[in-house]
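1. Take this sequence and fold it.
(one chain, ligands or ions: 2)
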Amino acid sequence: MSRALAGSAVLSVKLVFLGTGSGKPTPHRGVSSMLLFRDGEVLMFDCGEGTQTQLAKSSVRPGGISSVFLTHFHGDHVNGLPGLIGSFTLNQREEVLDIVGPKGMRRWFKTLRDLHILWPGFDLRVNEVEGKGIVMERDGFHVEAVGLRHRITAWGYSYIEQPRPGRFDVEKAKALGVPHGPLFGKLQRGESVETPDGTVVEPHQVLGPSRPGLKITYCTDTAPCDGAVELAKDADILIHESTYPGGDEKLAHSRGHSTASDAARTAKAAGAKKLVLTHLSQKYPRTDIFVEHARKIFEETIAAHDLLELDVDRREC
Ligand SMILES: [Zn+2]
Ligand SMILES: [Zn+2]
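-> Ligands and ions are numbered 1, 2, ... in the order given. This next block holds a predicted model:
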């Protein structure tokens, strides 16, 4: 079932949480993986062990996955990827699969091929992240990476859409003689139109200032750091690790992790609009304890659970 974060599902991006636990999968909570659906394309963030089983339980068609972003090489974030690629091969996938992640991926895939663990019949386009910045550009959006603070190299990612046109002023358009109908759509798409009495109306006459595109930030694994705040700056949705609920900051930070309170502080410092907690310790089967800690600092917080689907309405963001 889909839960709307804001408004209707029209023009929405959908997030599907496949695994939301830390460390190892349990019958109740898988390990890290999340999907982002946008106009005909599916991006996967992390692919922990058991991701394929979670996919099978969801409504997702795995063949639609075009790109995989790996945050770091800890097993709870990558162990599911060889299996997923193996299944793509069995299913005779032909489309290129983009894989973005830390340095070392080429070596990893070479070994998997050399040992005949994988023999993909499609291209794996590997992009090893070497520094912060844009790691993928597509029509309508790009993905940026920023380094986090973990026990090994870890990258967080932000999905950022191109700025959207300004709000369409219906009353102004009517006053200028534009009839309700297809001409409205043309103006909204930035095209000038001619009214029935021959007047030319330009888009700038009826559109407000352009608005920033939707931004969704995926930030795990990390102790609190400037990089996380920078990555999540003004994000509409910040998905942040919360391995511990709260009060365990010293322990969390010594292991390169965050508490729910840390995640909330990062969301607040970054000016994010919503916070979704994930990478929850398997020691805590319930999620309310994480949310309670975070909401003391950042009210707009929820905790993810496996197979949670969120519709993020672009018009409201
Ligand atoms: Zn982890
Ligand atoms: Zn880790």
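
2. Up against ligand 2, what does this protein have?
-> Within the chain, the positions lying close to ligand 2 (CB under 5 Å from the ion) are 74, 221. Quick note: C-beta positions are derived from backbone N, CA and C, even for glycine.

3. Can you point out the helix or strand that includes Pro120?
-> Pro120 belongs to no helix or strand when assigned by DSSP states H and E.

4. Pretty sure it sits against Leu90.
-> No. In this structure Pro120 lies outside contact range of Leu90 using CB atoms under 8 Å: 10.3 Å.

5. more crowded one of those two?
-> Comparing Pro120 with Leu90 by other CB atoms under 10 Å, the one with more neighbours is Pro120, at 15 against 9.

6. quick one: the more buried one and Phe109, what's the gap?
-> 9 Å (CB to CB, to the nearest Å).

7. And Val201, by the same measure?
-> Applying CB to CB, the value for Val201 to Phe109 is 54 Å.

8. again with Pro245
-> Per CB to CB, Pro245 is found 37 Å from Phe109.

9. where do the strands sit along the stretch 101-250 of the chain?
-> 124-128, 133-138, 141-147, 155-161, 193-194, 200-201, 215-219, 237-241 (DSSP state E, counting those that start in this stretch).

10. would Ile302 count as being in a strand?
-> Yes. With the criterion set as DSSP: H, G, I helix; E, B strand; the rest coil, the secondary structure at Ile302 is a strand.

11. looking at it, it is touching Ala294, isn't it?
-> No. Proximity of Ile302 to Ala294 does not meet the contact threshold set by CB under 8 Å, at 9.0 Å.

12. Could you name every residue contacting both of the two?
-> Contact criterion CB atoms under 8 Å, 6 or more residues apart in numbering; residues shared by Ile302 and Ala294: 275, 277.

13. So between these two, which is more surrounded?
-> Ranked by neighbour count (other CB under 10 Å), Ile302 and Ala294 place Ala294 first, with 28 against 18.

14. Angles on the backbone of the more buried one, please.
-> phi -70, psi -40 (degrees, to the nearest 10).

15. Touching, it and Val276? I think so.
-> No. In this structure, Ala294 is not within contact of Val276 by CB under 8 Å, at 10.1 Å.

16. and for these two, which residues touch both?
-> Between them, Ala294 and Val276 share the contacting residues Thr301, judged by CB under 8 Å, 6+ apart.

17. in this structure, which spans are helices?
-> In the chain, the segments counted as helices under DSSP state H are 51-57, 75-78, 81-90, 105-114, 170-175, 182-188, 226-231, 249-254, 260-270, 288-295.

18. ok, and the closest non-adjacent residue to the residue lying farthest from the centre of the chain?
-> In the chain, the greatest distance from the average C-alpha position (CA atoms, centre = their mean) is reached by Asp197, at 47.3 Å. Distances taken as CB to CB, 6 or more residues apart in numbering place Gly177 nearest to Asp197, at 5.9 Å, with adjacent residues excluded.

19. and what of Glu300?
-> With CB to CB, 6+ apart as the criterion, Glu300 has its nearest non-adjacent residue at 4.9 Å, and that residue is Lys274.

20. now the one you found, which residues is it bridged with?
-> According to DSSP bridges, Ile237 are recorded as the beta-bridge partners of Lys274.
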